[in-house]
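[1] What follows is a protein structure lacking sequence information:
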């Protein structure tokens, strides 16, 4: 039987979104351990190959099994606020209760034969407080090496997804929102069904706290659920535009839209599935940055794009009108 979450009135009024740099870090590490995800993230894997080779994450890998299995929830717990910083989330992880850590570590080690008796497994269970500190240090190292340099771009993708989902909710209600999250998720009769999960005794049901929805850059093609108590029920799903979606070239831009906007502007608009900077778009479309900047200005003045500064970047993303025009094309 698939995993079903029946949402009562309290759940329906307490569903929320969040962006979690800590969860993104562990989803990136989990993706490295899941070959089935690699085809969707080739560009990122190519960029970080040498960095990964220099990282010694042996103890952390023990708790991220290659062939499925349970990863301790305290490594990337559901965030309590919508936009916590990595430092805030890491401090929360470091404050994990040792008894909870021991229970979750033991459950994770049980998924891999012999892991609990290994050179890392035995001391992990003997001193869970020290293990939490070591795993937090390794997570911090992975964050700075793998995600922090690109975090403004990743965050913009996640925030753009949440903005899109919020519009879906406003326009079509929960049916429009949940019906478009992932092909493996169904919504009917106030019940969220995750077809890729089996219903089992440890599965956590909705209990009035609502469902936390978190887009992820690295989870495609999967969807992740199954946080055990006491964590809030959570669904981590692929953010829109992530995972190797091909870009549109000027030659491939829809003819009608190209006649309206011009070939390059049509290609930029239809290919802008996720927010991007002028430099990234220039590289993507083989144009001079000055030309791309001029095209972006025209599209923004027409109300098809919006721009947002993220640190040193100015990122451009489609507005609702831009989405509608690109979808119609």
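    Received the coordinates, thanks. Since the model is a prediction, treat every value here as computed from it, not as a measurement. Residues are numbered from 1 along each chain as shown.

[2] Quick check: residue 194 touching residue 183?
    No - judged on CB atoms under 8 Å, residue 194 makes no contact with residue 183 at a distance of 11.2 Å. (Glycine included, C-beta is placed from N, CA and C.)

[3] In terms of neighbours, single out the busier of those two.
    Between residue 194 and residue 183, residue 194 has the larger neighbour count (other CB atoms under 10 Å), namely 22 against 10.

[4] and the more buried one, how far is that from residue 147?
    Counting by CB to CB, to the nearest Å, the separation of residue 194 from residue 147 is 26 Å.

[5] Then residue 268?
    On the measure of CB to CB, residue 268 and residue 147 end up 27 Å apart.

[6] Next: residue 181.
    Counting by CB to CB, the gap from residue 181 to residue 147 is 23 Å.

[7] Same drill for the two, tell me which one is more crowded.
    Neighbours of residue 181 and residue 147, each counted by other CB under 10 Å, are more numerous for residue 147; the result is 23 against 20.

[8] what residues are up against the more buried one?
    With contacts defined as CB atoms under 8 Å, 6 or more residues apart in numbering, residue 147 is in contact with 21, 24-25, 28, 154.

[9] Now, the residues you listed that are in helices?
    Among the contacts of residue 147, DSSP state H puts 21, 24-25, 28, 154 in helices.

[10] Residue most distant from the centroid, the chain?
    Farthest-out residue of the chain from its mean C-alpha position, per CA atoms, centre = their mean: residue 259, at 36.1 Å.

[11] Tell me the secondary structure of that one, please.
    In three-state terms, and counting by DSSP: H, G, I helix; E, B strand; the rest coil, residue 259 is helix.

[12] Need the pLDDT of it.
    Model confidence at residue 259, given as pLDDT, is 87.

[13] again with residue 204
    We have a pLDDT of 65 for residue 204.

[14] residues contacting residue 213?
    15-18, 165, 181, 234-235, 237.

[15] Could you measure from residue 240 over to residue 8?
    The value you get for residue 240 to residue 8, if CB to CB is used, is 29 Å.

[16] any idea how far the closest residue to residue 118 other than its chain neighbours lies from residue 45?
    Using CB to CB, 6 or more residues apart in numbering and skipping residues adjacent in sequence, the residue nearest residue 118 is residue 62, 7.1 Å away. Here residue 62 is placed at a distance of 22 Å from residue 45 (CB to CB).

[17] So those two - more neighbours on which side?
    A side-by-side neighbour count of residue 62 and residue 45, using other CB under 10 Å, places residue 62 first with 20 against 15.

[18] quick one: the more buried one and residue 117, what's the gap?
    12 Å.

[19] Helix, strand, or coil at the nearest residue to residue 184 once chain neighbours are set aside?
    Excluding the flanking residues, the one nearest residue 184 by CB to CB, 6+ apart is residue 196, at 4.4 Å. Following three-state DSSP, we place residue 196 in the strand state.

[20] same check, this time on residue 209
    Residue 209 ends up coil, using three-state DSSP.

[21] does it really touch residue 12, like I thought?
    No - in terms of CB under 8 Å, residue 209 does not count as a neighbour of residue 12; the distance is 11.6 Å.

[22] Please say which of the two ends up with more neighbours.
    Shown here are residue 209 and residue 12; by other CB under 10 Å, residue 209 has more neighbours (16 against 13).

[23] Do you have the helices of the stretch 201-329 of the chain handy? List them.
    Assigned by DSSP state H, counting those that start in this stretch, the helices in the stretch 201-329 of the chain fall at 255-261, 263-271, 278-285, 289-301, 320-328.

[24] Show me how far the first one is from its chain's centre.
    Okay, so that is helix 255-261. Offset of helix 255-261 from its chain centre (CA atoms, centre = their mean, to the nearest Å): 33 Å.

[25] Give me the packing partners of that helix, helices and strands only.
    Counting contacts by 3 or more CB pairs under 8 Å, 6 or more residues apart in numbering; DSSP states H and E, helix 255-261 is packed against helix 263-271.

[26] give me that answer again for 10 Å
    Applying 3 or more CB pairs under 10 Å, 6 or more residues apart in numbering; DSSP states H and E, we find helix 255-261 packed against helix 263-271, helix 289-301, helix 320-328.

[27] nearest to residue 176, of these?
    Between residue 176 and these, the shortest separation by CB to CB is 13.7 Å, and it involves helix 320-328.
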